[in-house]
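Chemist: Let me see the structure of the following:
(chains A and B)
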Amino acid sequence: MSAPIIWIGIPFLISIIVWFFRKNRPLIIYLISGFCFLLAVTALIVKFGEVFSLGPLTLEINTTFTVFGRSFILQDSERFIVALLYFSAGIWFSAARISGSNEFFLPHGLAVISFLIAALTVQPFLYAALFVEIAVLLSIPMLIKSGEEITDGVLRFLVFQTLAVPFILLAGWAFEQAPFSANSQLQFFQASIFLGLGFAFWLSIFPFHAWVPMVAEEGQPYVFAFLISMISTSILVLSMDFFNSYSWLRNEPVLLQSIQIIGTIMVVFGGVFAAFQKRLSRLIGYAYIYEIGFSLISIGITTEIGWETLIYSFIPRIFSLMVLSLSVAVLNNNFKTDQLDEIRGLFYKSPFISIATILAWFTIAGLPLLGSFPIKMTILSEISSTSILYTIWIMIGLVGSLFMGGRLLSVLFVSSQKTDVDSQLKIQETTAQAVFLSIESIILIVLGLFPSIFISIMVDVLNAYTNLY
Amino acid sequence: MIALTPFILLVFAAILILVLNQIKINLGRLWLIAMVFSLLNWGLVLILYWFMPFTFTINNWFSVSNIFQTGFSFTLNQYSWIYLFSLSAVFLAVIMSESTRITEDYQAQNWVASFLIAAIGVLISVSDSILTIILVWTVIDLVEFGVILGTVKTQKQSLETVLSFVVRLGGTVLLIFAALYSNYINGYFDFGSVPFNIGFVLLISVGLRLGVLPFNLPYMKEIPLRRGLGIIIRMTSVVSSIVVINRFVLISNAESNYHLIQIFVTLAIAAGSILWVVSKNELEGRPFWIIVLSGFVIESLINGYPTAAIAWSLVLLLTGSVLFLFSDRSKWLFILPAISILSMIGLPFTPNAIGLSGLIGDNLIFTLTNLSACFVLIFGYLRFALKPAKNLESNERWVWLVYPLGLVLLIVTHFIVFFITDLNWIILGPLWISIPILVLSIVVVFFNQRVKTENQYSAWARVFSERLSASVSTFLRFDWLYKILWGIFQFFQSILNNLSGILEGHGGIIWVLVLVALLITLVSPKGIQ
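Modeler: Numbering: from 1, shown residues only, chains lettered A, B, ... in the order given. As a prediction, the model looks like this:
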């Protein structure tokens, strides 16, 4: 048995089988989320490429699976990323019913993850672009509300993600040709431009980000957050692979400088635009832009610390987006609105939604005591050791997002009525909503208080990328 | 770990009281347990003085970045001990004064909360790294936010609570920026080497949290939690800020080029002292007491008297607490605030003799404003202490002993700190200030008592002070400024919404191409050629 079959092939097969039973949601939710947890735990426990004993049996999980001359290689160090994707998907799927997601979310979501993992493992890596595209195509039915037509945001999402494919393919071709070219420097440069554009489309880097808040507000915030979290995590790991493989990329100062500038623009853009938003769902989009900005800055640092922060940022990012999107989805389901003006004093009606929203947003913003604070402080610390200008700009983005946190506090905790009539807690969430929001909020608090937990989980991931530093 | 033993003791006590309350133990016994533990805490901190210093560090909290290399660091040394001991005295006095309020609702829960906040106060006092301070600041801000939000009743009070939290968060962000700026200049952050520009940011950060820089009053009225838990929250929060500036300037000695900051601080001191003296009572005036004395702390540091800053901090905490806990009164009990205020007047060889020196700087206007404010503060203190209030004798007899003993403990603590610490502050002090202030205080108190008997004048004075208080505080609350800022916010909001509309509209993709071209010119070192 090989690892790619277990963590790519079988999940894909199961997603096909459960597609036929998608109407039976409770059963599908238990089955798929349980299966995801099983895959995550197995990935954490079992070492790839080593023989291990299971009672009287001895088993070996091969790292490679070859089909039609193409290989899928799942290295031992990559199992933590696999575990992270399946574990977070497990939690995401288990709250599917209270989130108002459609019937395609679970089967398609599982298939999306298997294709994203396939993209991370396939050799030659050019095929990664195709696997990501398949994942994007599979995600479209998840984003459309039942009985409604495809929206502008979803269309733009599809167009921008698809545009990435030719650029990545061209980049791969150019990188292969460059060493044999008479003007290899120029060809490397062209290849890096293609690659940059490809990743810019994939990660919706400024100015290709416009679809992000559009999709976020078009009705499926929970599914949207799932997609952007999974796709961005996979693409960022893929980008590490590129940097690891091509020394030219690591040593080109113009490229690294550009990545830092664009990262800074995204942090400022995400933070400042978030500060002025009127709808909670759009905040998910700006949170994503803000977070990707920090990831780009981490890449631009190119030191060991930079790559470490990139890897460590995955866990708090995924969980904070998960909590924020769940609270927005539940809010939409319960009150049919996520306009800030219409949810004043929400804490006194729905304390679980309010506290989860606040915790998630402040985690994203980087408030001390919460999960992403040590990561953002580390990035700022690294940047500040070389440039105070970048530091100031990033701080502007950070202040913008914290300002939004302040606005959220004033909206959620200040009643719309001047008297104290409204100031008594009347819990309107269902038990399931309260339980899920509480568990996920507790995860955020634990991540903030004990960041060494996610360090210890992710510390081995970098072993696969020995050339990076 | 010994540095954190008071923290462990207080958390244990909080859990114990919580459990005992759940099994319906008599409130009187619970109070007794609370008092025993707070007394133990006070005694423990006192004993620790002779075994200092202690350091406790946790290095591997997030061992990735240089900025976290020191991790969590807690140090109990002579400076941190002063704040720790003062806070433990305030806490003990609060618990002892609770003897007059045992029958009030939710007292047991209040005591649990008080113990937890006092435990956070321990962390604040001994925190010794930038990371620890940032996190502990956030903890105290969140606790204060939660506790106050749970007690306020109206929309306005809720909004003020949020505003207060946001302002403090702003202070924390500035502290982070100061650390990063220091990292840029020095390659590390160290309390011992703070150059002017970083000290400038740091002072604004702390000043913002204290309500001094710029003068800000998030709470129009004092919080509903007035005595007891309210005092512990307020004082712990204040110490969290003061302990930081005292620490860095103690070692680095600020240069005298902080004039811009001094202007704002002096303005805050002047306004705060007026608002203090015209307040209805000591609890309404408490925010101004804190602002003015925090201002004195900053002024002393800028004038190069770090020990004076400590002296003013003690006045803020201990002398202030004597008045704020002075809820039950009798004729002879006035002696306690009177003795307490003597330590503020700065008579020779008293705790604040050095404090007055800290208010004297190069600039005559600043110095005169500070000294006038000091006098106004003392006058207000005596005025409030002389006001009639609930009679102590209306309580049970044992309270007659326990309650004043709490206030006595605050005064005794002040003198213990003064005599046993080795800060060279047992001095003659500026007699030309302290003697006139003493004389003036006696005269004014005498006249105040006389005016009280003249109904016509006292009514006029009351109306005048109320009107003055209302108009000054309306202006200084910066409501007009907030309205302007809100207008600017809405202006930017409309611009950014239009921008989003353009990018997300049908022409959005064309705009994307234009932005790509612009971006290339930005990131390309030579632009497009």
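Chemist: what about B:Ser97, which SS state?
Modeler: Per DSSP: H, G, I helix; E, B strand; the rest coil, the secondary structure class of B:Ser97 is helix.
Chemist: Tell me how far it lies from A:Ser384.
Modeler: For B:Ser97, the distance to A:Ser384 equals 47 Å [Cβ to Cβ, to the nearest Å]. Glycine gets a C-beta too; all of them are placed from N, C-alpha and C.
Chemist: Same question for B:Thr172.
Modeler: Applying Cβ to Cβ, one obtains 17 Å for the distance of B:Thr172 from A:Ser384.
Chemist: One more: B:Gln78?
Modeler: 32 Å.
Chemist: likewise B:Pro337?
Modeler: Counting by Cβ to Cβ, the gap between B:Pro337 and A:Ser384 amounts to 49 Å.
Chemist: Would you mind telling me which of B:Thr172 and A:Ser384 has the busier surroundings?
Modeler: In terms of neighbours (other Cβ atoms under 10 Å in any protein chain shown), A:Ser384 is the more surrounded of B:Thr172 and A:Ser384; the figures are 24 against 21.
Chemist: from what I can see that one touches A:Trp393, true?
Modeler: No: the pair A:Ser384 and A:Trp393 does not pass the contact test of Cβ atoms under 8 Å, sitting 11.5 Å apart.
Chemist: Now name the helix or strand holding the closest residue to chain A within the stretch 251-400 of chain B.
Modeler: Taking Cβ to the nearest Cβ, chain A has its nearest neighbour within the stretch 251-400 of chain B at B:Leu260, 19.6 Å off. Taking DSSP states H and E as the criterion, B:Leu260 maps to helix B:259-277.
Chemist: Show me what counts as buried in that helix.
Modeler: Using 16 or more other Cβ atoms under 10 Å in any protein chain shown as the test for burial, helix B:259-277 gives B:261-262, B:264-277.
Chemist: Who are the contact partners of residue 407?
Modeler: Going with chain A. Counting by Cβ atoms under 8 Å, 6 or more residues apart in numbering or on different chains, A:Arg407 makes contact with A:Ala275, A:Leu340.
Chemist: wait, chain B
Modeler: With contacts taken as Cβ under 8 Å, 6+ apart, B:Leu407 has the following neighbours: B:Ala93, B:Ser97, B:Val322, B:Leu325, B:Phe326, B:Leu333, B:Leu336, B:Pro337, B:Ser340.
Chemist: same thing but at 6 Å, please
Modeler: Contacts here follow Cβ atoms under 6 Å, 6 or more residues apart in numbering or on different chains; on that basis B:Leu407 touches B:Val322, B:Leu336.
Chemist: What spatial separation is found between it and chain A?
Modeler: To chain A, B:Leu407 is 34 Å away according to Cβ to the nearest Cβ, to the nearest Å.
Chemist: Quick check: residues of chain B near chain A?
Modeler: B:62, B:64-65, B:67, B:134-135, B:138, B:153-155, B:158-159, B:162, B:166, B:177, B:180, B:183-184, B:493, B:496, B:503-504, B:508, B:512, B:515, B:523 (Cβ under 6 Å from any Cβ of the partner chain).
Chemist: residues contacting A:Leu296?
Modeler: A:Ile259, A:Ile262, A:Gly263.
Chemist: Out of those, flag the one nearest to B:Arg247.
Modeler: Nearest to B:Arg247, judged by Cβ to Cβ, of the contacts of A:Leu296 is A:Gly263 at 34.9 Å.
Chemist: Let me see the mean pLDDT of stretch B:14-28.
Modeler: Taken as a whole, stretch B:14-28 carries a mean pLDDT of 88.
Chemist: no wait, stretch B:294-310
Modeler: 89.
Chemist: what's it in contact with?
Modeler: Contacts of stretch B:294-310 from elsewhere in the structure, counted by Cβ under 6 Å, 6+ apart, are B:210, B:212, B:242, B:246, B:249-250, B:254, B:258, B:262, B:265, B:268-269, B:312-313, B:354-355, B:357-359, B:361, B:370, B:423, B:425.
Chemist: and the gap between A:Gln123 and B:Val206?
Modeler: Going from A:Gln123 to B:Val206 by Cβ to Cβ gives 57 Å.
Chemist: out of those two, which sits in the more crowded spot?
Modeler: When A:Gln123 and B:Val206 are compared for neighbours, B:Val206 comes out ahead with 28 against 13, by other Cβ under 10 Å.
Chemist: ok, back up a step: sort out which of the contacts of stretch B:294-310 are in helices and list them.
Modeler: The subset of the contacts of stretch B:294-310 located in helices under the criterion DSSP state H comprises B:210, B:242, B:246, B:249-250, B:262, B:265, B:268-269, B:312-313, B:354-355, B:357-358, B:370.
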